[in-house]
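A.B. asks: Any chance you could fold what I've pasted below:
(one chain, ligands or ions: 1)
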Amino acid sequence: MSARVATAVAHPNIALAKYWGKKDGEGNVPAVPSLSVTLGGLATTTTVSVDAGLAHDHFSLGGHVTSDAERERVRELLDRVRARAGSKDFAAVTSVNDFPTASGLASSASGFAALALAALRAYGVSSSEADAADLARASSASAGRSIFGGYVELVPGEPARPVAPVDQLPLRVLVCVTSEAAKSTSSRSGMNATKARSPYYAAWVQSAEKNFKELRAALLSRDLEAVGALAEQSALAMHASALAAGVVYFSGATLEAYREVQQLRQQGFFAFATMDAGPHVKVLVHERDADVLAKRLDAVPGVLRVIVAAPGAGASIV
Ligand code: DP6
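C.D. replies: Predicted structure coming up:
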């Protein structure tokens with residue numbers, strides 16, 4: 001039987017209001033609402049080929065052999081799609097990132113968004129963008145947000161949905177890469193450890209609700225300054241709760257870059273930092289300052305390079 005093939009492209013996203021922690025029980029449901037911006041210029045391209053002749057699923061990421069855990073998460077997504085399609089056929093999945101996997105940009109977000117779209121199409125499941133977003137979210141919550149472009153929210157128990165278009169704010173994200181190594185503690189195990197052990201986890205959940213509401217309102221009223229300040233607060237609160245559980249993503253270079261962001265602010269620039277489950281620092285800047293500030297941050301000891309990214313489009317079938 002001939003293979004049914006679909007290819008999808010998706011882009012990473014950066015959470016301005018962070019997701020950190022899951023609700024009890026199955027289903028990978030976030031404990032807090034989050035709000036992200038999808039980044040253009042960086043892409044994951046994933047092809048799913050459904051083939052009745054295969055004895056099991058195949059998965060390759062950028063031509064590399066993948067870990068058992070990665071393969072298992074891909075298989076789980078394919079199983080969900082097969083259940084909806086009424087199909088028992090296996091598939092070959094190939095996925096390529098055009099940005100380094102250790103760049104500090106969540107490749108799992110763009111990866112599972114592209115996989116969800118391509119798998120639904122390849123198995124012939126008719127679905128809305130919301131269906132694709134919920135399928136991606138079940139595999140990796142941040143991936144649900146990468147289905148859409150511009151600014152996207154993910155409220156617990158609901159599929160991700162767009163909040164504001166790409167051009168809502170004159171924003172650029174400067175990704176300060178501080179390490180070439182893959183992260184040592186995945187976001188999944190880091191957030192589970194935070195929930196289990198941090199004395200500040202409950203405070204984080206409470207503050208995240210308020211931060212999300214305020215950030216969403218600031219975004220809708222195009223208040224760039226408030227969006228930046230609230231995004232930095234969200235990242236600091238998330239890491240404070242994680243730190244108290246011994247979950248440390250910062251390196252010396254993270255702190256050096258953060259100090260430089262504080263200095264840029266003192267010098268009158270719009271510059272706010274956000275950090276995820278790794279040592280890299282993403283700096284929110286005004287589009288008119290992007291080149292000047294990229295040079296300043298590139299000169300910080302421990303910053304290896306700076307990637308300039310703009311808000312971009314959602315995932316699509318190609
Ligand atoms: C710090 O979406 O990778 O980037 O749902 O367990 O796959 P899982 O977690 P994941 O966590 C992302 C955490 C974060 C913040 C964010 O993107 O909101």
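A.B. asks: Flag every residue of the stretch 151-300 of the chain that's near the ligand.
C.D. replies: S187, R188, D276, A277 (CB under 6 Å from any ligand atom). Using the backbone N, CA and C atoms, a C-beta is placed for each residue, glycine as well.
A.B. asks: how does the protein divide up, domain by domain?
C.D. replies: Domain ranges of the chain: 5-165, 171-309, per automatic domain parsing.
A.B. asks: Tell me which stretches of the stretch 101-250 of the chain form strands.
C.D. replies: 151-154, 161-164, 171-177 (DSSP state E, counting those that start in this stretch).
A.B. asks: Just the mean pLDDT for the last one, thanks.
C.D. replies: Averaging pLDDT along strand 171-177 yields 96.
A.B. asks: Tell me which residues are up against it.
C.D. replies: Contacts with strand 171-177, where a contact means CB atoms under 8 Å, 6 or more residues apart in numbering, come from 14, 37, 39, 100, 103-105, 224, 227, 257, 280-287, 290, 293-294, 297-298, 300, 303-311.
A.B. asks: again, but for the second one
C.D. replies: Counting by CB under 8 Å, 6+ apart, strand 161-164 makes contact with 35, 130, 133, 148-153, 216, 219-220, 314, all of which sit outside it.
A.B. asks: one step back: now for the residues of the stretch 151-300 of the chain next to the ligand: which two are most distant?
C.D. replies: Across those, the longest distance by CB to CB is 12.6 Å; it joins R188 and D276.
A.B. asks: Any chance of the domains of the chain in a markdown table with mean neighbour count as columns?
C.D. replies: As requested, the domains of the chain are arranged in a markdown table below (neighbours: other CB atoms under 10 Å):
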| stretch | mean neighbour count |
| --- | --- |
| domain 5-165 | 21 |
| domain 171-309 | 19 |
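A.B. asks: Could you list the low-pLDDT ranges of the stretch 1-150 of the chain?
C.D. replies: Applying pLDDT under 70 to the stretch 1-150 of the chain flags residues 1-3, 63, 65, 102-104.
A.B. asks: who in it is up against the ligand?
C.D. replies: Residues of the stretch 1-150 of the chain lying near the ligand by CB under 6 Å from any ligand atom: A15, K18, Y19, W20, N28, S34, A106, S108, S140, A141, S142.
A.B. asks: Narrow those to those in helices?
C.D. replies: S108, A141, S142 (DSSP state H).
A.B. asks: how much space between the nearest residue to the second one once chain neighbours are set aside and F148?
C.D. replies: Spatial nearest neighbour of A141, excluding adjacent residues (CB to CB, 6 or more residues apart in numbering): P30 at 4.9 Å. Distance of P30 to F148, computed by CB to CB, to the nearest Å: 16 Å.
A.B. asks: again with P100
C.D. replies: P100 is 24 Å from F148, by CB to CB.
A.B. asks: Pairing partners for L154 in the sheet, please.
C.D. replies: Judged by DSSP bridges, the bridge partners of L154 are S34.
A.B. asks: Now do the contacts for it.
C.D. replies: Residues near L154 by CB under 8 Å, 6+ apart: Y19, P30, P33, S34, L35, S36, R137, A141, S142, G144, R145, A160.
A.B. asks: Could you identify the most distant pair in those residues?
C.D. replies: Longest span within those, CB to CB: L35 and R137, 14.3 Å.
A.B. asks: Please tell me how far stretch 59-66 is from the chain's geometric centre.
C.D. replies: Chain-centre distance of stretch 59-66: 20 Å, with CA atoms, centre = their mean, to the nearest Å.
A.B. asks: send the alpha carbons of that stretch over as CSV?
C.D. replies: The C-alpha trace of stretch 59-66 is given here as CSV (Å, rounded to 0.1, in the frame of the first residue of the first chain):
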residue,chain,number,x,y,z
PHE,A,59,11.6,8.5,14.2
SER,A,60,14.6,10.5,13.3
LEU,A,61,15.5,14.0,14.5
GLY,A,62,17.9,15.8,12.3
GLY,A,63,19.4,12.5,11.2
HIS,A,64,20.4,11.7,14.8
VAL,A,65,19.4,8.6,16.8
THR,A,66,16.8,9.7,19.4
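A.B. asks: need the helices for the stretch 101-250 of the chain, in chain order.
C.D. replies: Assigned by DSSP state H, counting those that start in this stretch, the stretch 101-250 of the chain shows helices spanning 107-122, 129-139, 141-145, 187-197, 201-220, 224-243.
A.B. asks: just the angle between the next helix or strand after the last one and strand 171-177, please?
C.D. replies: By that I understand helix 224-243. Next in sequence after helix 224-243, counting helices and strands by DSSP states H and E, comes helix 252-266. Helix 252-266 and strand 171-177 are oriented at 150 degrees to each other (axes from the mean of the first three to the mean of the last three CA atoms, to 10 degrees).
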